[in-house]
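1. Make a model of this:
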Amino acid sequence: MFSVSVSEEGVVVLAGRFDASQVQAAGEVFDRLETTTRVNFEKLDYISSAGLGLLLKTQKRLGMAGHGLVLTKMNKLVRDVFRVARFDIVFPIEE
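-> Residues are numbered from 1 along each chain as shown. Predicted structure coming up:
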């Protein structure tokens, strides 16, 4: 199961398994972002290349306006995926 929501503070919260079947639902949230936004990965168990692609697309779009995504609270498995894909160079990742 996957869920994506936006907290009252404007933080995007991901939970569950973010794979190709969830890209459309997540895209509806990420496509509305207009400023630098924190994305909380604390409850995310898995991310596929399709999920990575959506994050990269959003990062590029926001970057054109001087903004971006700040990724937070990744577990070791998800962080390793970002490291192997070299996305840890593309995104600021905070504990």
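2. Go through stretch 64-71 and flag the buried ones.
-> Within stretch 64-71, the residues that count as buried by 16 or more other CB atoms under 10 Å are 67-69, 71. Just so you know, the C-beta spots here come from the backbone N, C-alpha and C atoms, and that holds for glycine as well.
3. Excluding chain neighbours, what is closest to the spatially most central residue of the chain?
-> Against the mean C-alpha coordinate of the chain, by CA atoms, centre = their mean, the closest residue is residue 55 at 5.0 Å. Using CB to CB, 6 or more residues apart in numbering and skipping residues adjacent in sequence, the residue nearest residue 55 is residue 69, 6.5 Å away.
4. Determine the set of other helices and strands touching the longest helix seen in the chain.
-> Determined from DSSP state H, the single longest helix within the chain is helix 49-63. On a contact count with 3 or more CB pairs under 8 Å, 6 or more residues apart in numbering; DSSP states H and E, helix 49-63 meets helix 23-30, strand 69-72.
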